[in-house]
Each structure stands twice: as structure tokens, then as C-alpha cells.
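Q: I would like to see how this sequence folds:
(one chain, ligands or ions: 2)
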Amino acid sequence: MCIDLHIHTTFSDGLLTPEQVVNKAIKLNLKAIAITDHDTVDGIRPALNKAKNYTEFEIVPGVELSTDWNSEEVHILGYYIDYNDSNLKTVLLSFQQKRMKRVDKIIARLKNMGIDISIEDVCAKSKGSSLGRPHIALVLVEKGYVCSVQEAFKDYLSKGKPAYVPKEKLTPFSAIDIIKQSSGIPVLAHPGLLEDDSIINELISYGIMGIEVIHKNHNKAQVDYYTRLALDNNLLLTGGSDSHGETPLLLGSFDVPLNYFYKLKAIKKFLQYE
Ligand SMILES: [Zn+2]
Ligand SMILES: [Zn+2]
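A: Residues are numbered from 1 along each chain as shown. Ligands and ions are numbered 1, 2, ... in the order given. I've put the predicted structure just below:
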């Protein structure tokens, strides 16, 4: 138990603040962690500040971008991104604005059906994380319009239902571009969750630089398979818990070799000198 390169904080949908994540990681004696919130880099600075007095502990600044490809969700991790880069911040901000607009449209559709909820209600449910349909569903349950989140999706929010509004999609290829433009290392997250993994070869041709081989949802056969695939294609191997601050806490609970971190760091140095 040495490192954990996939962790969410309260800046996306995690339950622990970046400071709490750092405290837990140091208590667990981890050597390095990566903060990889969904579509935001705002949790990185507080984590770095918290960790600055610990010389034996390193934080990799990261992000996890959600993308769509052939109606599948594909997540791309970006390691060592320049989290101060103004272009990156503008791109991430535009994602937030698009999400907000989508929620507005869904609320308007619900209103036409006599269902009255406000954007404030929905924001309160998101607790600062990326706004989306699950938060609308929670408000519908709370206000008694439906009995469960599942019912909210089934009756109103799913594709083909009356309040459905399609999402504007980012492709995994654009995500790779965004990460590279902010000096980061793009890595395919949890490929084991893909139903159709034929995209992996396309991502490799396009320039993805690594594959997350160790993940909470990967079984041993998948770890072996993706490790072989990464090594055959000269790609980096990464791994992490994808911890969201759950109980029991997954943070640091997977055996991710320290060597993955060293190689990632070496590539970052190499890119800087290139
Ligand atoms: Zn993910
Ligand atoms: Zn994640």
C-alpha cells in the first residue's frame, strides 16, 4: 500500500475535503496521491497547501474529464496538468455553465408539467459538486413528486422521458487535447467499465499516454489484461481507488506500486525538457 492516483474530494462529488484527504493519506503512510476531481482543478491548491510540510509525501495535480463516445461514458484522467493555466480554467468553467444551462432547461420542462422546483433547490443538493440529473431527482423525491430517485428517472429524466434534455458532449479525443494543452499526461480511466472497449485502440493511436490498470471495479483478470495492453503499447500504468470518501474508506486500500508514480513523474520531467 504505497500510492493512490485516483481520488475525489468535496470539490467534485467526494465526501472529504482536500485537507481531510491529505490527512488520511499521511496517516495511511502513502507516499503519493493524485487529486482527480471531476471536471475541476479547484481542490488541488488546498491539498498542496495542507501537504507542504510533509517532505516524504507528494501530490500529483490531476483532473478527471467526463466524455461521451458512441453513447458510452469514457473518463479521461489528466495528471500533472497545469492547474493555473487560464485556458484550462476557461474550458472547465464552460463545462459548468453548460451543465447549469441543461439543469435550467430540465426545470422549465418540469414546470410545464406542473412540477415546481427551483435551481436553488437543485444546487443545495449538489453541495458544490457538478450539477446534474441525480440532484434534480433528489429534489423531486424531497418535494414528494416521486417516491424514489429511480422513479424520477423513469418518469421524467431519462432519455425519451418528458423532461429529458440531451447533454452537450465532449469527446475523449477533445479531452486528450485539453489535457495536453495544459501540459498534462492523459490516461484512460477504468477501462474495465467500458461496455465496448474498441475505443481503446483509437485512443492509443490518438495519443493517450497511459491506462489506469488498478481500480476498485477491476478484477484480477482485468488488471492483468490492461497491464499487458499498456506494456505492449509502451504506455504508462496507473492505479487508484477512485475514492469518494465512502465508509469504509477505499483511499489507499489498493496495492498500487510506487513505481507507477515514479514513471509518471519521470515522463512529466521528460516532457518539460523536451
Ligand atoms: Zn471515472
Ligand atoms: Zn473518478
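
Q: C-alpha only now, for contacts and for neighbours.
A: Noted.

Q: what are the boundaries of the helices in the stretch 151-274 of the chain?
A: With DSSP state H, counting those that start in this stretch as the criterion, the stretch 151-274 of the chain has helices at 172-181, 199-206, 220-232, 258-273.

Q: is it true that residue 211 touches residue 226?
A: Yes - Residue 211 is in contact with residue 226 according to C-alpha atoms under 8 Å; the separation is 7.2 Å.

Q: more neighbours: which of those two?
A: residue 211 (26 against 20; other C-alpha atoms under 10 Å).

Q: how about the helices of the stretch 151-274 of the chain, which one is nearest residue 26?
A: helix 258-273 (15.0 Å; C-alpha to C-alpha).

Q: show the average pLDDT along that closest one.
A: What helix 258-273 shows for mean pLDDT is 93.

Q: strands of this protein, start to end?
A: Assigned by DSSP state E, the chain shows strands spanning 3-7, 32-35, 58-69, 72-79, 185-188, 210-214, 236-239.

Q: as a markdown table, these with distance to residue 269 and mean pLDDT would be great.
A: Converted to a markdown table, those look like this (distance: least, C-alpha to C-alpha, whole Å; pLDDT from 0 to 100):
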| stretch | distance to residue 269 | mean pLDDT |
| --- | --- | --- |
| strand 3-7 | 18 | 98 |
| strand 32-35 | 17 | 98 |
| strand 58-69 | 13 | 95 |
| strand 72-79 | 12 | 95 |
| strand 185-188 | 11 | 98 |
| strand 210-214 | 16 | 98 |
| strand 236-239 | 14 | 98 |
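
Q: turn the ones you listed into TSV, columns for distance to residue 50.
A: Output for the strands of the chain, formatted as TSV (distance: least, C-alpha to C-alpha, whole Å):
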stretch	distance to residue 50
strand 3-7	16
strand 32-35	13
strand 58-69	10
strand 72-79	19
strand 185-188	24
strand 210-214	26
strand 236-239	23
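
Q: what's next to the lowest-mean-pLDDT helix or strand in the chain, contact-wise?
A: Least confident helix or strand, the chain: helix 119-126 with a mean of 90, by mean pLDDT, DSSP states H and E. Residues outside helix 119-126 that contact it (C-alpha atoms under 8 Å, 6 or more residues apart in numbering): 103, 104, 107, 131, 132, 135, 136, 138, 139.

Q: may I ask which of the residues you listed has the most neighbours?
A: Ranked by the number of neighbours (other C-alpha under 10 Å), the contacts of helix 119-126 place residue 136 first, at 26 neighbours.

Q: just give the nearest non-adjacent residue to that residue, would you?
A: Spatial nearest neighbour of residue 136, chain neighbours left out: residue 122 (5.5 Å); criterion: C-alpha to C-alpha, 6 or more residues apart in numbering.

Q: for residue 236, same thing?
A: Going by C-alpha to C-alpha, 6+ apart, residue 236 has residue 210 as its nearest residue, at 4.2 Å.

Q: quick one: the one you found and residue 237 touch, right?
A: Yes - counting by C-alpha under 8 Å, residue 237 is a contact partner of residue 210 at 5.7 Å.

Q: done for today, thanks.
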